[in-house]
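Student: next comes the sequence, and after it the predicted model I'd like to discuss.
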Amino acid sequence: MTDENVDLEVRLEEQEAFEPPESFVEQANVSDEGIYEEFEENWPECWERAADMLDWDEEYDNVLVDDDAPFYEWFTGGQLNASENCLDRHVEGGRGDSVAIEWEGELGETRTYTYEELLEEVDEFAATLRGLGVEEDDVVTLYMPMIPELPIAMLACARLGAPHSVVFAGFSADALATRMNSADSEYLVTCDGYYRRGDALDHIEKANEGLEGVDHEVSDVVVVDRLGDELAHSLADNQHDYDELVADHAGESVEPISRDAEDMLFLMYTSGTTGKPKGVKHTTGGYLSYAAWTSHAVLDIEPEDTYWCSADIGWITGHSYIVYGPLALGTTSVMYEGTPDYPEKDRMWELVEKNDVDIFYTAPTAIRAFMKWGTEYPQQHDLSSLRLLGTVGEPINPRAWKWYYKHIGNEECPIVDTWWQTETGGMMITTLPGIGTMKPGSAGPPLPGIDGRIVDVDGNQVESGNAGYLTVNRPWPGMLRTLYQNDDRFIEEYWSEYSDPDSDEWVYFPEDGAKIDDDGYITVLGRVDDVINVSGHRLGTMEIESAIVGVEGVAEAAVVGGDHEVKGEAVYVYAITEDGYDEGDELEERVVEGVLESIGPIAKPEEIIFTPELPKTRSGKIMRRLLEDIASGNELGNTSTLRNPEIVDDIAAQVEND
Ligand code: 6R9
């Protein structure tokens with residue numbers, strides 16, 4: 001390194017606050033600091049701004065109805081269609097030739113859909129689904145990887161008023177069955193297979209296995225042919241080839257169904273504390289307006305931009321910020337099928353250069369991997385088209401933030417570190433890129449109109465500098481409305497901790513720990529429930545545990561998250577064998593298999609530690625904190641309150657040896 005470079009590194013390392021560059025501020029969608037006050041003074045009417053980003057078939061009567069809190073309703077009386085807002089209005093407004101989706105396949109092939117072309121495809125697939133009998137309010141499950149037919153199917157469902165439930169393609173057959181059962185979903189759209197690092201992966205086999213576990217009749221399965229002849233499969237009677245079906249509806253269009261603002265747009269399952277995934281319900285008016293508003297205000301998206309969010313559409317980030325938000329704004333959304341290191345570790349930067357990407361939104365786990373690979377990969381490419389960078393999914397450590405800022409953004413792009421959840425529908429805590437000072441590691445203040453607080457166990461706000469629990473003390477349009485067919489669990493999971501129902505005070509609890517500084521900047525520390533965050537993906541430890549105790553030979557298991565350099569957290573398993581079974585490679589393999597089968601590769605254990613006992617409190621509770629510390633290699637605190645303190649050293653010694 002030259003002296004100059006060394007100086008730069010040192011300066012960067014010490015710098016704790018960064019201002020957005022003037023060139024960015026000048027063009028920012030939101031650059032007036034007064035916006036925070038405007039929202040406060042005019043709450044909840046301030047949210048009309050979000051609703052104004054959409055075209056409504058019928059104007060709404062009320063911004064917010066809170067008579068039956070926490071079952072809040074937004075924009076009641078209003079009617080709209082999400083696919084019309086994402087497609088028709090842009091075509092009608094003369095932007096039919098602009099690119100909506102720029103798809104980059106893993107093997108290098110591309111597909112470009114203008115708004116007009118995308119509308120055509122969506123129309124035809126909507127007609128196809130209708131032809132199969134899909135009606136308004138039928139839940140259609142989409143079990144698909146990152147191929148264009150996924151957003152097409154989502155928008156086709158939206159057009160018909162049929163809520164979609166997207167199941168991440170990396171999830172197992174069991175996970176698919178659980179979700180289809182929970183949603184009583186009778187329709188499935190899937191594909192034959194897809195590519196990963198150049199290899200063709202079978203997908204239909206997994207889908208078929210999942211279908212066997214569905215406890216009601218599945219009327220129809222539509223199968224996209226992604227692989228050509230590579231994996232020829234025979235289709236069952238109720239299974240149809242996507243292209244053949246769509247060909248029968250060529251040129252047809254479907255009048256978008258006007259949906260009530262509060263009608264369900266989609267369901268998205270997410271992990272919780274108990275073994276059963278939660279079906280988060282999002283609505284048409286509130287969700288879509290919130291996705292559009294935050295895409296405009298935080299991601300600074302303009303119609304003429306090329307914007308790339310590298311998430312998978314199988315997660316909420318892809319729903320809100322690859323499909324609904326960007327398309328509602330009429331921008332070009334890049335969609336990448338593959339992995340960041342195939343064929344080479346410069347793939348992302350190659351795609352940024354090739355597509356002249358203006359805005360890039362990714363996860364800290366990816367940034368940590370890029371860092372590990374080295375600066376030579378981004379340096380091979382011209383990244384000067386970039387204007388704004390974003391991160392989401394987990395806390396970002398200041399070192400990774402600064403690496404991203406310098407080596408990807410060339411110190412010219414603001415970074416938005418956006419905290420939000422499947423349940424919140426869209427971003428909640430982040431700086432606004434044209435306004436706020438950025439502090440690496442801290443997401444920033446709550447967005448205008450969002451009342452985010454850090455409280456102690458009693459719900460009192462903590463002094464700045466202290467850690468506590470994050471709460472949201474006012475509703476917002478993008479919020480989940482309930483857990484599908486489970487209002488009780490909705491209240492219990494999110495509204496029971498800090499609310500005071502007697503005085504009709506409702507406080508949303510996201511189950512994250514956080515701290516706040518003198519400027520009101522919030523640093524989110526991580527989950528405080530039994531959910532771990534592996535590479536930005538939420539996994540319930542109970543779900544993994546129940547998969548493991550289902551393995552023959554395992555008597556008891558505890559799963560915790562341990563620190564991991566790239567993944568953020570990794571899955572650590574502590575297991576007790578059943579009498580008569582040997583711990584060893586064979587059992588270990590079956591444990592891994594059990595996890596893969598019931599959840600999928602994302603939950604694959606980093607390490608499996610067999611132990612004769614688990615550390616327990618005198619009342620018999622497993623001391624998870626302690627197991628986490630062991631997994632992370634942290635100093636172990638006082639263990640004297642344990643019923644079996646002697647076991648701790650044994651376990652710790654094993655982890656060190658492995
Ligand atoms: C969008 C998404 C939500 C959980 C959330 C929190 C963690 C997300 C974060 C962050 C720190 C950020 N999380 N963004 N933690 N800083 N910028 O990721 O949704 O999959 O539901 O996960 O992710 O713990 O509670 P989801």
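Tutor: Arrived safely.
Student: contacting residues for the residue in the stretch 51-200 of the chain positioned nearest to the ligand?
Tutor: Nearest residue of the stretch 51-200 of the chain to the ligand: residue 168, at 10.4 Å (Cβ to the nearest ligand atom). (Each C-beta comes from the backbone N, C-alpha and C, glycine too.) If you count contacts by Cβ atoms under 8 Å, 6 or more residues apart in numbering, residue 168 has them with 312, 314, 315, 600.
Student: quickly list what the residue of the stretch 151-300 of the chain at minimum distance from the ligand is bridged to.
Tutor: The nearest approach of the stretch 151-300 of the chain to the ligand comes at residue 270, 5.3 Å away (Cβ to the nearest ligand atom). Counting by DSSP bridges, residue 270 is bridged to residue 278.
Student: next up, the contacts around it.
Tutor: Neighbouring residues of residue 270 by Cβ under 8 Å, 6+ apart: 277, 278, 280, 316, 421, 422, 423, 538.
Student: assign a three-state SS to the residue of the stretch 51-200 of the chain closest to the ligand, would you?
Tutor: coil (DSSP: H, G, I helix; E, B strand; the rest coil).
Student: and it, its phi and psi?
Tutor: The phi and psi values for residue 168, taken as degrees, to the nearest 10, are phi -50, psi 130.
Student: how about the closest residue in space to residue 456 that isn't next to it in sequence, secondary structure?
Tutor: For residue 456, ignoring the flanking residues on the chain, the nearest one in space by Cβ to Cβ, 6 or more residues apart in numbering is residue 468 at 5.1 Å. What three-state DSSP gives for residue 468 is strand.
Student: how near is the closest residue to residue 196 other than its chain neighbours to residue 345?
Tutor: For residue 196, the nearest residue in space outside its immediate sequence neighbours is residue 339; the separation is 6.7 Å by Cβ to Cβ, 6+ apart. Distance of residue 339 to residue 345, computed by Cβ to Cβ, to the nearest Å: 10 Å.
Student: those two - which one has more neighbours?
Tutor: A direct count of neighbours by other Cβ atoms under 10 Å for residue 339 and residue 345 places residue 345 higher, at 18 against 14.
Student: isn't residue 315 right up against residue 537?
Tutor: Yes. Taking Cβ atoms under 8 Å as the definition, residue 315 is a contact partner of residue 537 at 7.1 Å.
Student: which of those two has more residues huddled nearby?
Tutor: residue 537 (24 against 21).
Student: spit out the contact partners of the closest residue to that one other than its chain neighbours.
Tutor: Counting by Cβ to Cβ, 6+ apart, residue 537 lies nearest to residue 602, which is 5.2 Å off, once chain neighbours are set aside. If a contact means Cβ under 8 Å, 6+ apart, then residue 602 has 170, 534, 535, 537, 539 as its contacts.
Student: what's the helix or strand for the residue nearest to residue 196?
Tutor: Counting by DSSP states H and E, no helix or strand carries residue 339.
Student: flag the shaky bits of the chain, pLDDT-wise.
Tutor: 1-8, 230-232, 275, 657-658 (pLDDT under 70).
Student: what about residue 55, how many neighbours?
Tutor: 14.
Student: mind checking the SS state of it?
Tutor: Residue 55 - assigned by three-state DSSP - is coil.
Student: got it, and residue 569?
Tutor: Of the three states, residue 569 takes strand under three-state DSSP.
Student: doesn't residue 534 make contact with it?
Tutor: Yes. Assessed by Cβ under 8 Å, residue 569 is found in contact with residue 534 at 5.5 Å.
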